[in-house]
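K.L.:
From the sequence below, what's the structure:
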Amino acid sequence: MARRKKSKAKKRTNIAKPQPIIIIKEQPKSSRYWQQVLMVLIVPLFNWMKEIIQTYWN
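P.N.:
Model prediction:
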């Protein structure tokens, strides 16, 4: 069991490093996925900016 856990930990560290490279390669292929990701990231930021603007104006 201990050996298996060690191998899994090593695999996780190896997988974590090439992830950004894989994402960069997949960017042009999955444009819809990236649009969704951008929306998920931008919408909360936009709402946060709205709140800041409202607090400043008020």
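K.L.:
Any figure for the gap between Gln35 and Gln54?
P.N.:
When C-beta to C-beta, to the nearest Å is the yardstick, Gln35 and Gln54 sit 27 Å from each other. Quick note: C-beta positions are derived from backbone N, CA and C, even for glycine.
K.L.:
which stretches of the chain aren't confidently modelled?
P.N.:
1-30 (pLDDT under 70).
K.L.:
at 90 what do you get?
P.N.:
In the prediction, the chain carries residues with pLDDT under 90 at positions 1-45, 57-58.
K.L.:
State which helix of the protein is the longest.
P.N.:
If you go by DSSP state H, the chain has its longest helix at helix 31-57.
K.L.:
May I see the buried residues of it?
P.N.:
Residues of helix 31-57 classed as buried: none (neighbour count, 16 or more other C-beta atoms under 10 Å).
K.L.:
and it, what other elements does it pack with?
P.N.:
Judged by 3 or more C-beta pairs under 8 Å, 6 or more residues apart in numbering; DSSP states H and E, helix 31-57 has no packing partners among the helices and strands.
K.L.:
Let the chain start at 36 from now.
P.N.:
Sounds good: first residue 36 from here, last item helix 66-92.
K.L.:
which ones are touching Leu76?
P.N.:
With contacts defined as C-beta atoms under 8 Å, 6 or more residues apart in numbering, Leu76 has no neighbours.
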